[in-house]
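[1] Need coordinates for the below:
(one chain, ligands or ions: 1)
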Amino acid sequence: MASCRSIENSQFFAISLDQFVMPNLDSDKNQRLSRNLYEEIRTWIADGTYGVGAALPSTRALAAERSLSRGTVSLVYEQLAADGFIETRPGSASRVSSGIGAPCVDTQVHREKANHEAHGMPSCRLSAIGRRIAAMDTQEPDATLSGEIDFVYGPLSGNDFPTLLWQKALRAVECQRIPRLEYEDPRGNLELRLALQAHLSQTRGMRCTAEQIMIVNGSQQALDLCARLLVNPGESVVVENPGYRMAHNAFEAYGAKLLCVDVDSHGLCTDQLDQLGPARMAYVTPTHQFPLGAFLPIARRHALLAWAAARQVWVVEDDYDSEYRYSVRPEATLQSLDTSGCVIHVGTFSKTLSPQLRLGYMVLPPTLVEVFTAAKRVTDRHAATGVQRALARLLGDGSYDRHVRRMRRFQHARQRTLVDALVSSFGPRVKIEGYSSGLHLVAWFSEISAQDESALLRTAREFGVRVYSVRPLYYPKANLKLCSQSLGLVMGYGLLGCDAIESGVRRLASAIDQIRGRIF
Ligand SMILES: Cc1ncc(COP(=O)(O)O)c(C=O)c1O
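    Numbers count the residues shown, from 1 in each chain. Modelled structure (predicted):
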């Protein structure tokens, strides 16, 4: 209690974000990032992640982790010291001040209060979920400049969308007269669910009924429903680290605690599961670990399922890009291997058609069908019917499968071009991971340390190429303690033609040469 009071009585929450202005910052973005860092460290001190006397990472390591300049991090530390949270001494690590206490129940609420009030929103007008979401960093990368070659992961090229097929399917659907315009089954259009049932059986060997399938507005809605229906605030969800931050955000929004499990070259380290505390749910990407790209071997799949069955943990299997397998054999999904009814399989059309359609699906264990159906009805009744019926036609007449086969050829050509270009520009100086499937790979550059990350990303932009570090995909609290030696880039190729990929890698090589020239 005394320690709670010490936090309350300190200036901890007295400073509004508007008052916190970092001098000498060269851009608004930098200023926002340093404010976020200041806030984040304050929270970690308050919630006990860094207890009294704990050493913070060096400014150099943290600057590298955060893509900030070392000077900016030093200014954040100076501000924290001036506000009494940490003690800095030349030549030794900065440590949490002895006057600052351990966890206080209202810490988060106070932090968010300061945050919202600084933006003119009294925090009392938001729910706890609203406050958590408002405190998250959910921003997408800012717009690409013209002429820039962008290795962003996520978007697809508009040229790859099957416009004519889609228009034809939509027109055919619109021409059908529907006598009663009524709400549909919350699980979605039955025609589509039947077509999907056949498709999943044929392409993934999955056995399920159309009753178990629910059409959702993208995988994100599936994750949101799982978080709301299966996990209470304060309970834990096991996640891969690094992992899909949009999933982490969905779980944390509802007050879940994340239990991070490491990922190695075979995916989730299932040998760490037994050491974890109790969990309600696990979220995994076993077919193509996001972002590192491993395929989870069958023995680990069985280990995960046995652990989940023994502890009554739900397992969410995110099968987001399994259509793009280039050099690996088809594998059994967790849903197919599950004998205890704990797996919720989630898929999406964001990678084969367009993320703008917002079409995804869940294959639910029979015991969850009723509650998820009711929740979907309460949330948004059901996904829009027209696009579902158009998609059902494409699945039913085989044109979706033909489109996917064509896309797989295109994406494979892009993947080979990128791998070849990286190998020819960097040779043994690059290690490429996770390229046997999907729409991105991870390239590790041994001669560039993670500490030079921000300089490299900036220099690459000066050379007209946009690249993204793998670092933000590590869970931040774990990340701060992580001191990876070489720089890793997540390189998406779904948006780029082969010429652009080659030219982008040449530009990246020039940027890396320039950085090396500065280092050596
Ligand atoms: C791991 C992962 N899951 C799912 C998705 C797709 O999400 P949605 O279906 O909501 O578009 C993505 C998109 O990038 C992803 O990276």
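
[2] Tell me how many other residues surround residue 341.
    Neighbour count of residue 341, defined by other CB atoms under 10 Å: 13. In short, each C-beta sits where N, CA and C put it, glycine included.

[3] Which positions in the protein make contact with the ligand?
    154, 218-220, 244, 285, 290, 318, 320, 348, 350, 355, 360 (CB under 6 Å from any ligand atom).

[4] can you pull out the strands in the stretch 51-200 of the chain?
    Assignment of strands within the stretch 51-200 of the chain using DSSP state E, counting those that start in this stretch yields the ranges 86-89, 92-96, 149-150.

[5] circling back: can you name the two of the residues of the chain next to the ligand that sit furthest apart?
    285 and 355 (16.6 Å; CB to CB).

[6] Between these two, which has more neighbouring residues?
    In this view residue 285 and residue 355 are compared by other CB under 10 Å, and residue 285 has more residues nearby, 29 against 17.

[7] Which per-residue confidence value corresponds to that one?
    Listed pLDDT for residue 285 reads 98.

[8] does it really touch residue 318, like I thought?
    Yes. The pair residue 285 / residue 318 is scored as a contact, 4.9 Å apart, by CB atoms under 8 Å.

[9] Give the intersection of the neighbour lists for these two.
    Applying CB atoms under 8 Å, 6 or more residues apart in numbering, one finds that residue 285 and residue 318 are jointly contacted by residue 244.

[10] ok, the residue nearest to residue 277 when sequence neighbours are not counted - contacts?
    Spatial nearest neighbour of residue 277, excluding adjacent residues (CB to CB, 6 or more residues apart in numbering): residue 236 at 6.5 Å. Contacts for residue 236 (CB under 8 Å, 6+ apart) come out as 256, 257, 258, 259, 276, 277, 278, 279, 280.

[11] can you map out the helices along the stretch 301-450 of the chain?
    334-337, 369-380, 385-396, 399-426 (DSSP state H, counting those that start in this stretch).

[12] Residue 148 versus residue 493, what's the distance?
    Distance, residue 493 to residue 148, by CB to CB, to the nearest Å: 15 Å.

[13] For the stretch 351-500 of the chain, give me the ranges with low pLDDT.
    Along the stretch 351-500 of the chain, the parts satisfying pLDDT under 70 run over 477-484.

[14] I'd like the helices of the stretch 301-450 of the chain laid out as JSON lines, including mean neighbour count.
    Listed next are these as JSON lines, based on neighbours: other CB atoms under 10 Å:
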{"stretch": "helix 334-337", "mean neighbour count": "20"}
{"stretch": "helix 369-380", "mean neighbour count": "15"}
{"stretch": "helix 385-396", "mean neighbour count": "20"}
{"stretch": "helix 399-426", "mean neighbour count": "17"}
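
[15] any chance of these in a markdown table, plus distance to residue 227?
    Formatted as a markdown table, those follow (distance: least, CB to CB, whole Å):
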| stretch | distance to residue 227 |
| --- | --- |
| helix 334-337 | 19 |
| helix 369-380 | 11 |
| helix 385-396 | 24 |
| helix 399-426 | 30 |
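
[16] Least confident secondary structure element in the protein?
    Across the helices and strands of the chain, mean confidence by mean pLDDT, DSSP states H and E is lowest for helix 2-9: a mean of 34.

[17] Look at the nearest residue to residue 265 once chain neighbours are set aside and give its secondary structure.
    Spatial nearest neighbour of residue 265, excluding adjacent residues (CB to CB, 6+ apart): residue 294 at 5.8 Å. Following DSSP: H, G, I helix; E, B strand; the rest coil, the label given to residue 294 is coil.

[18] Can you give me the distance of residue 294 to residue 201?
    For residue 294, the distance to residue 201 - CB to CB - is 26 Å.

[19] Compare these two (neighbour count), which wins?
    residue 294 (22 against 12).

[20] and the more buried one, what does it touch?
    Counting by CB under 8 Å, 6+ apart, residue 294 has contacts 263, 264, 265, 266, 267, 288, 433, 434.

[21] What's the local residue count around the last one?
    The burial metric for residue 434, expressed as a neighbour count using other CB under 10 Å, is 21.

[22] How about it, nearest residue that isn't a chain neighbour?
    Nearest to residue 434 is residue 293, by CB to CB, 6+ apart, at 1.4 Å.

[23] Report how many residues lie close to that neighbour.
    Residue 293, neighbours per other CB under 10 Å, totals 23.

[24] ok, it touching residue 443?
    No. Contact criterion CB under 8 Å: residue 293 and residue 443 do not qualify, at 11.0 Å.

[25] what's the overlap in contacts for the two?
    residue 433.

[26] Return the residues in contact with the closest residue to residue 413 other than its chain neighbours.
    Distances taken as CB to CB, 6+ apart place residue 498 nearest to residue 413, at 6.2 Å, with adjacent residues excluded. Contact analysis of residue 498 by CB under 8 Å, 6+ apart lists 413, 414, 417.

[27] hmm, back to that, with respect to burial, which of the strands of the stretch 51-200 of the chain scores highest?
    strand 149-150 (a mean of 22; mean count of other CB atoms under 10 Å).

[28] what helices or strands is that one leaning on?
    With contacts taken as 3 or more CB pairs under 8 Å, 6 or more residues apart in numbering; DSSP states H and E, strand 149-150 sits against strand 465-466, helix 498-519.

[29] Relative to residue 69, which of the ones you listed is closest?
    helix 498-519 (13.7 Å).

[30] just the CA coordinates of the closest one, formatted as PDB?
    Provided in PDB are the C-alpha atoms of helix 498-519 (Å, rounded to 0.1, in the frame of the first residue of the first chain):
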ATOM      1  CA  CYS A 498      10.000  -8.500 -60.300                       C
ATOM      2  CA  ASP A 499      11.800  -5.500 -61.800                       C
ATOM      3  CA  ALA A 500      10.900  -3.400 -58.800                       C
ATOM      4  CA  ILE A 501      12.100  -6.100 -56.500                       C
ATOM      5  CA  GLU A 502      15.500  -6.300 -58.200                       C
ATOM      6  CA  SER A 503      15.900  -2.500 -58.300                       C
ATOM      7  CA  GLY A 504      14.700  -2.300 -54.600                       C
ATOM      8  CA  VAL A 505      17.400  -4.800 -53.500                       C
ATOM      9  CA  ARG A 506      20.100  -2.800 -55.400                       C
ATOM     10  CA  ARG A 507      19.000   0.400 -53.600                       C
ATOM     11  CA  LEU A 508      19.000  -1.500 -50.300                       C
ATOM     12  CA  ALA A 509      22.600  -2.700 -51.100                       C
ATOM     13  CA  SER A 510      23.700   0.900 -51.700                       C
ATOM     14  CA  ALA A 511      22.100   2.000 -48.400                       C
ATOM     15  CA  ILE A 512      23.900  -0.800 -46.500                       C
ATOM     16  CA  ASP A 513      27.200   0.000 -48.200                       C
ATOM     17  CA  GLN A 514      26.800   3.600 -47.000                       C
ATOM     18  CA  ILE A 515      26.000   2.500 -43.500                       C
ATOM     19  CA  ARG A 516      29.000   0.100 -43.500                       C
ATOM     20  CA  GLY A 517      31.200   2.900 -44.700                       C
ATOM     21  CA  ARG A 518      30.200   4.900 -41.600                       C
ATOM     22  CA  ILE A 519      30.800   1.900 -39.300                       C
END
